[in-house]
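J.: Take a look and give me a structure for this.
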Amino acid sequence: MAPATDAEDTTQESAAILSGRTALGIELGSTRIKACLIDADDPATVLAVGIHDWENEFVDRMWTYSLDAVWSGLQAAYADLLADAERRHGATPQTFGTIGVSAMMHGYLAFDADGELLVPFRTWRNTTTSAASAELSELFGVNIPLRWSIAHLHQAVLDSEPHLAWLHSITTLAGYVHWRLTGRRVLGVGDASGMFPIDAATATYDADLLGRYDSLLTERADLPALTDLLPEVLVAGRSAGELTAEGAALLDPTGALRPGIQLCPPEGDAGTGMVATNSVAPRTGNVSAGTSIFAMVVLERPLERVHHELDLVTTPAGDPVAMVHCNNGASELSAWASLFGRFAEAAGAPVAPDAVFETLFREALTGEADAGGLLAYNYLAGEPITGLEEGRPLVVRTPDSRLTLGNFVRAQLYGVFGTLALGMRVLDGEGVALDRMFAHGGMFRTAGVAQRFLAGVLDAPVSVAETASEGGAWGIAVLAAYLGAAGDGVPLDTYLHRDVFGGFVFETTEPHPDDVAGFAAHLDRYRDGLAAERAAVASIALKGAAR
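T.: The predicted model follows:
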């Protein structure tokens, strides 16, 4: 059979779009809402993409997004996707085979019985729950991170917040959007594992720990049982409801989108990152770099000890995962890139943003393996792994350090990975083995640079696929497409290997010995230099209190 021509491919893709043989994935990330449309019969094929940029707000010392911004952003990303489909294929979809919603994990969205938000959305970025986290970690015997939903709820209990008198339900951002689209208050197990600990045997909330918390609450507050407050948990492949007429109007105010479309369980960005990198099986892992940065490693066995640096979550299929989550990722690096871009513009030689990143990243390759003695802390927000409740971005160096552009940019890239490396050292101490580590996120678009440095940080091979820049929106679209295969009894890992990644080519970078040794020396200085970070936080906090 002769290969299909470009015209035939376009015709086939247009037919898939118009007939609804597609899967739509929408992910609400920290700085971008992205919609991704794929061919349900060939999930590796991206048909159209829509994007809307947004930013969190710091209101009353809380990081938040307004619900108005959620819906205006979703509508903008969806409209952009429709325009892209028309531009690429001459076809505008009015229905889809399946839809999936994903978003930033964790945080706290609290509603009353009428579905009204009781307090502004508290995102994963907030670090105001130290007392609750410590008490719950001791009560449960497992690490409860500051950003988990149960930590936010319990901190509200400790602080006797007035809104608790009307509390009827809590959920995550993905759970909220899914609820408004379908009317069902459910959550994928991966996202649910960032609300409350999951029992690996049942793939739902740990019943023993639920009982312990309810017993604790009887002494502290008059609240419903925790199971009544939390959303129902579903594993990947389970139907999670259908798009209602009201939900269709929320997503597409033009009225063209038809209701009745099946949705997969809503998931967190960690779970969609695992899917997008084919790392849902034991001994696989991935690193996702964005506003935050985190590593996910699928475990073969339980960890021997509790570590505050490690979260225990799950894959979308419910398998246990160790997560190293850092609140601060590539935002500070992006700020410096914008500064250099503005310098080029002021000098009369403007450079496109992507070219700025590529130029700086290439220059980092000329830097010394240990970044010449420079340290860069990307702490725009607090960082639980290093015990900081607030952040202060810093560039630190000694008089004998070598301040070159190559060293500076390498230090900034090392700064993105620094806190992650501290957590990964803990995981290595547990003897956790990895066969492969994948990376995804925008900073890996410049071929071979961030990937090479990450390989040196982890002292392990790092693979990147073409979908690295599509990320979680593509991952949740794949989970939506998986609904059909799951109905046939196909495990998620098998589906990914057989139907999604079979023809993929991964670019793999082996760790360079000089990078491994150089970063190890850098990390020792980075750990010692945290004293300067703590001093900066304490100093500015004291000045603020004095005013």
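
J.: any idea of the mean pLDDT in the helix or strand hosting Val70?
T.: Using DSSP states H and E, Val70 sits in helix 67-89. For helix 67-89, mean pLDDT rounds to 97.

J.: contacts for it?
T.: Residues outside helix 67-89 that contact it (Cβ atoms under 8 Å, 6 or more residues apart in numbering): 10, 13-14, 17, 24, 26, 28, 33-37, 47-52, 54, 91-93, 117, 121, 173, 176-177, 250-253. For every residue, glycine as well, the C-beta is placed using N, CA and C.

J.: Inside helices: which ones of those?
T.: Using DSSP state H, the subset of the contacts of helix 67-89 located in helices is Thr10, Glu13, Ser14, Ile17, Leu173, Tyr176, Val177, Leu250, Leu251.

J.: Please indicate which of these are buried?
T.: Neighbour-count burial (16 or more other Cβ atoms under 10 Å) is assigned, among the ones in helices among the contacts of helix 67-89, to Glu13, Ser14, Ile17, Leu173, Tyr176, Val177, Leu250, Leu251.

J.: and which of the ones in helices among the contacts of helix 67-89 is nearest to Phe438?
T.: Closest approach to Phe438 among those (Cβ to Cβ): Leu173, at 24.4 Å.

J.: Please spell out which residues along the lengthiest helix in the chain are buried.
T.: Criterion DSSP H: the longest helix present in the chain is helix 513-546. Judged by neighbour count (16+ other Cβ under 10 Å), helix 513-546 contains these buried residues: 515-516, 518-519, 522-523, 525-526, 529-530, 533, 536-537.

J.: Which elements pack onto it?
T.: With contacts defined as 3 or more Cβ pairs under 8 Å, 6 or more residues apart in numbering; DSSP states H and E, helix 513-546 has these neighbours: strand 375-377, strand 394-396, helix 405-429, helix 450-458.

J.: Can I get the ones you listed in CSV including mean neighbour count and mean pLDDT?
T.: Below are the helices and strands packed on helix 513-546 laid out as CSV (neighbours: other Cβ atoms under 10 Å; pLDDT from 0 to 100):
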stretch, mean neighbour count, mean pLDDT
strand 375-377, 25, 98
strand 394-396, 16, 97
helix 405-429, 23, 96
helix 450-458, 25, 94
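
J.: So for Thr202, which of those sits nearest?
T.: helix 405-429 (25.2 Å).

J.: rewinding a little: export the helices and strands packed on helix 513-546 to JSON lines and tack on distance to Ala335?
T.: Converted to JSON lines, those look like this (distance: least, Cβ to Cβ, whole Å):
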{"stretch": "strand 375-377", "distance to Ala335": "11"}
{"stretch": "strand 394-396", "distance to Ala335": "12"}
{"stretch": "helix 405-429", "distance to Ala335": "10"}
{"stretch": "helix 450-458", "distance to Ala335": "17"}
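
J.: closest to Ser334 out of those?
T.: helix 405-429 (9.9 Å).

J.: The closest one packs against which elements?
T.: Looks like helix 405-429 contacts strand 293-298, strand 320-326, helix 331-346, helix 353-364, strand 375-377, helix 450-458, helix 513-546 (3+ Cβ pairs under 8 Å, 6+ apart).

J.: Restricting to C-alpha, output the first one in CSV.
T.: So the one you mean is strand 293-298. This file holds the C-alpha atoms of strand 293-298, laid out as CSV (Å, rounded to 0.1, in the frame of the first residue of the first chain):
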residue,chain,number,x,y,z
ILE,A,293,9.6,21.2,39.8
PHE,A,294,9.0,17.6,41.0
ALA,A,295,10.2,14.1,40.4
MET,A,296,8.0,11.0,40.5
VAL,A,297,9.4,7.6,41.0
VAL,A,298,7.1,4.5,40.9
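
J.: next helix or strand past it?
T.: That would be, after strand 293-298 and using DSSP H and E, strand 311-314.

J.: quick one: Asp370 and Val516 touch, right?
T.: No. In this structure, Asp370 is not within contact of Val516 by Cβ atoms under 8 Å, at 11.1 Å.

J.: so who does Asn126 touch?
T.: Met62, Trp63, Gly107, Leu146, Arg147, His152.

J.: Which strand or helix spans it?
T.: Using DSSP H and E, no helix or strand contains Asn126.

J.: Against Ala335, how distant is it?
T.: Distance of Asn126 to Ala335, computed by Cβ to Cβ, to the nearest Å: 21 Å.

J.: mind exporting the longest strand along the chain as CSV, just the C-alpha atoms?
T.: In the chain, with assignment by DSSP state E, the single longest strand is strand 42-53. Extracted as CSV, the C-alpha positions of strand 42-53 are listed here (Å, rounded to 0.1, in the frame of the first residue of the first chain):
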residue,chain,number,x,y,z
ASP,A,42,-3.7,7.3,17.3
PRO,A,43,-3.1,9.1,20.6
ALA,A,44,0.4,10.1,19.6
THR,A,45,-1.1,12.4,17.0
VAL,A,46,-1.8,15.9,18.2
LEU,A,47,-4.5,17.6,16.1
ALA,A,48,-4.7,21.0,17.7
VAL,A,49,-3.6,23.0,20.7
GLY,A,50,-5.0,26.0,22.5
ILE,A,51,-3.2,28.2,25.1
HIS,A,52,-4.1,30.9,27.6
ASP,A,53,-1.5,32.4,29.9
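
J.: which residues does the residue lying closest to Arg410 once chain neighbours are set aside contact?
T.: Using Cβ to Cβ, 6 or more residues apart in numbering and skipping the chain neighbours, the partner closest in space to Arg410 is Gly367 (3.6 Å). Contacts of Gly367 were listed using Cβ under 8 Å, 6+ apart, and they are Thr404, Gly406, Asn407, Phe408, Val409, Arg410, Ala411.
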